[in-house]
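Trainee: Fold the following, please.
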Amino acid sequence: MNTLNGAKYLIDCLSKEGVDVIFGYPGGAVIPLFDALYESEDFIQIRTCHEQGASHAADGYARTTGKVGVCIATSGPGATNIITGLATAFMDSVPVIAITGQVGKSLLGKDSFQEIDITGLTMGITKHNFLVTDANDLKDVVSKAFYIAQNGRPGPVLIDISKDAFMQEIETKEYHKIDKTTDKRHLNYQAEIDKVVNLIKSSRQPVIYAGGGVIKSKSWDSLHELSTKHNIPVVNSIMGLGSFDRNSNLSYGIVGMHGDKDANMLCYESDLILGVGVRFSDRAIGNRNGFTKNSTIVHIDVDETELGKNIDVSYEILGDLNEIMNEISTKLMEYKSPHTRSNDYLAKDYEGFHPKNILTVTQKSVPENTVVVTDVGQHQIWTAKFWKFSLPMKFATSGGLGTMGFGMGAALGAKLGNPDSHVLLITGDGSFRMNHPELLTLSRHNIPITILLFNNSSLGMVRQWQNLFCNSRYAQTDINDGLNLEFLSKAYGINYYKASDLDTLESILKVQDKSQINLIECLLDSDIGAYPIVPPGKSIDTLLTED
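Mentor: Alright, predicted model coming up:
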């Protein structure tokens, strides 16, 4: 048998799991791990400017590739700096492996320098976590971690490893990946599936509400067949965008707090809603009793803890989404729903330099397989509403946690995972302030992306709520603080452009070199809102508009 220290053996395990990119930041407790990486040629290694950027990069890589993203942080503050990234991945079911260093085994529990109980802190925001103090345990821990991260409903897993375990010499054993299990639980729901088929056939207006679970399970083809073969319209959660072609006449876009009237009313007036891979979160359903006027709700999911959690449902079906949708479609035979409602989604026109027009012009200038990443705020909602996503895994945004500062790291990860695709980061001036140091990471490694920055000199979404619900008292949301983005771009060594009208923007989009890093600042009026909006606690048919 070969003899290796724990750090080198860990590197070998990661390689056998197919890891090709590692994001991280060194520190005392992980010096042995980075020393082992120094000799390795198996991975692209990216040192970010901040550990949180590394965790978001691993997240963006995973969201847009379907593979597991990996990040490394040291003990203490290094570990706590990735907590937001882990929570972001956990809320959106993203498979991430976070490896943290820990103080030596003999120092545990003694408030040692840079010691923190990271397994305790992350218990509620990971699918599982491990503390390794013996390098002999690494083989089983790593294989279990990758299995847990990917199997069933995906999510992040943390592996905390003591410094002495990294340095411990062990006799290596052959590493075996654990294959994902085949989910056959739907076979226990045959009676429910038959009832749902009969409900669809007798329904006057069935609707499919498709969420992020359709993306995670790669069941978009099954969704497409169920919808198009049987003329059933589709609405999406934000996390479900890309699971169904937005150019289809059966696609009504996002539903919920910022859904347009057609999408919201389609659900509200429906008599049968098939929720597939969705959480029925508060931002999507509004008032728990106001998502629909009088509809039968069917919940289809891989995670039994989500069934009936946020909304009362009549039928629950647990298992593989591909299998369930295929079975429903087969049993419907040649049935077509009586759906005839016209789709006026996005029909409203806006004049001038409005986000809809900006995004429409931008989408025409980029390839169809462009990966779009956003931060969080009004720009995120505008993107979800106005960008016509036609392909899966081409949209990365923080849905459940709503993490400002997510975008730059996620765009970095998305580009490393999709080197042949153009990556577009759509952000706002508020979010940009939280993550722009990662421009240095992009610049250092010559990783080309385009950044479309909506600058309305404010924290736009919060300001909009202050306008609507706080009598226009704009407390700490105006941020016109004189930051010169042109000078900042020069400092980072990237290209800078500025537009305040569509003609200028179109010219910029034509001349920009997509093989470089480009920042395009779009100057917006701070009073442009993300509308319609359903007030908190109201039913989804209660929409406030610009008027």
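Trainee: Where does the prediction get shaky in this structure?
Mentor: 1, 343-347 (pLDDT under 70).
Trainee: Can you give the domain ranges for it?
Mentor: Using automatic domain parsing, the domain ranges for the chain come out as 3-171, 185-332, 355-523.
Trainee: Okay, now the last one: how far is its last residue from its first?
Mentor: Domain 355-523 stretches 10 Å from its first residue to its last (C-alpha to C-alpha, to the nearest Å).
Trainee: Same question for the first one.
Mentor: Distance across domain 3-171, first residue to last, is 5 Å (C-alpha to C-alpha).
Trainee: if you go through the stretch 151-300 of the chain in chain order, where are the helices?
Mentor: 163-167, 190-202, 212-216, 220-230, 261-268, 282-285 (DSSP state H, counting those that start in this stretch).
Trainee: Let me have those helices in TSV, extended by mean neighbour count and distance to Thr504.
Mentor: C-betas here are computed from N, CA, C, even on glycine. Formatted as TSV, these follow (neighbours: other C-beta atoms under 10 Å; distance: least, C-beta to C-beta, whole Å):
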stretch	mean neighbour count	distance to Thr504
helix 163-167	22	53
helix 190-202	16	50
helix 212-216	27	35
helix 220-230	20	37
helix 261-268	22	32
helix 282-285	22	34
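Trainee: Distance to Asp525 for those helices - can I get that in a markdown table?
Mentor: A markdown table is the format used below for the helices of the stretch 151-300 of the chain (distance: least, C-beta to C-beta, whole Å):
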| stretch | distance to Asp525 |
| --- | --- |
| helix 163-167 | 54 |
| helix 190-202 | 46 |
| helix 212-216 | 32 |
| helix 220-230 | 37 |
| helix 261-268 | 23 |
| helix 282-285 | 25 |
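Trainee: rewinding a little: kindly present the domains of the chain as CSV, with separate columns for distance to Pro338.
Mentor: Output for the domains of the chain, formatted as CSV (distance: least, C-beta to C-beta, whole Å):
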stretch, distance to Pro338
domain 3-171, 34
domain 185-332, 6
domain 355-523, 26
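Trainee: Which among those domains is found nearest to Tyr531?
Mentor: Evaluated over the domains of the chain, closeness to Tyr531 peaks at domain 185-332, with 7.8 Å, by C-beta to C-beta.
Trainee: What's the end-to-end length of the closest one?
Mentor: For domain 185-332, the first-to-last residue distance is 21 Å (C-alpha to C-alpha).
Trainee: and what of stretch 392-412?
Mentor: By C-alpha to C-alpha, the extent of stretch 392-412 from end to end equals 19 Å.
Trainee: tell me which residues in it are buried?
Mentor: For stretch 392-412, the neighbour count (16 or more other C-beta atoms under 10 Å) marks 392-412 as buried.
Trainee: so how far is the lengthiest helix in the chain off the chain centroid?
Mentor: In the chain, assigned by DSSP state H, the helix with the most residues is helix 51-65. Relative to the chain's own centre, helix 51-65 is displaced by 9 Å; criterion: C-alpha atoms, centre = their mean, to the nearest Å.
Trainee: cool, stretch 190-200 as well?
Mentor: Mean-position distance between stretch 190-200 and its chain equals 32 Å (C-alpha atoms, centre = their mean).
Trainee: So what touches it?
Mentor: Contact with stretch 190-200 is made by 186, 206, 230, 232, 272, 274, 296, 298, 315-317, 324, 327-328, 331-332, 335, 337, as judged by C-beta atoms under 8 Å, 6 or more residues apart in numbering.
Trainee: Please settle this for me: is Leu412 part of a helix?
Mentor: Yes. Counting by DSSP: H, G, I helix; E, B strand; the rest coil, Leu412 is found in a helix.
Trainee: From what I see, it and Thr64 are in contact.
Mentor: No. Look at Leu412 against Thr64 with C-beta atoms under 8 Å: they stay out of range, at 11.3 Å.
Trainee: how close does the closest residue to Asp375 other than its chain neighbours get to Gly377?
Mentor: Leaving aside its sequence neighbours, Asp375 sits nearest to Ser431 (C-beta to C-beta, 6 or more residues apart in numbering; 3.2 Å). According to C-beta to C-beta, to the nearest Å, Ser431 and Gly377 sit 6 Å apart.
Trainee: what's near enough to touch Phe130?
Mentor: Per C-beta under 8 Å, 6+ apart, neighbours of Phe130: 119, 141, 144-145, 157-160.
Trainee: With Asp541 instead?
Mentor: Asp541 sits in contact with 264-265, 268, 290, 293, where contact means C-beta under 8 Å, 6+ apart.
Trainee: Could you rerun that using 10 Å?
Mentor: Residues near Asp541 by C-beta atoms under 10 Å, 6 or more residues apart in numbering: 261, 264-265, 267-269, 286, 290-293, 534.
Trainee: what helix or strand does the residue nearest to Asp375 sit in?
Mentor: helix 429-435 (DSSP states H and E).
Trainee: so after that helix, what's the next helix or strand?
Mentor: helix 438-444.
Trainee: Can you name the residues in contact with that next one?
Mentor: For helix 438-444, the surrounding residues in contact (C-beta under 10 Å, 6+ apart) are 23, 46-50, 52-54, 56-57, 405, 407-412, 415, 425, 432, 447-449, 451, 488-489, 491-494, 516-517, 519.
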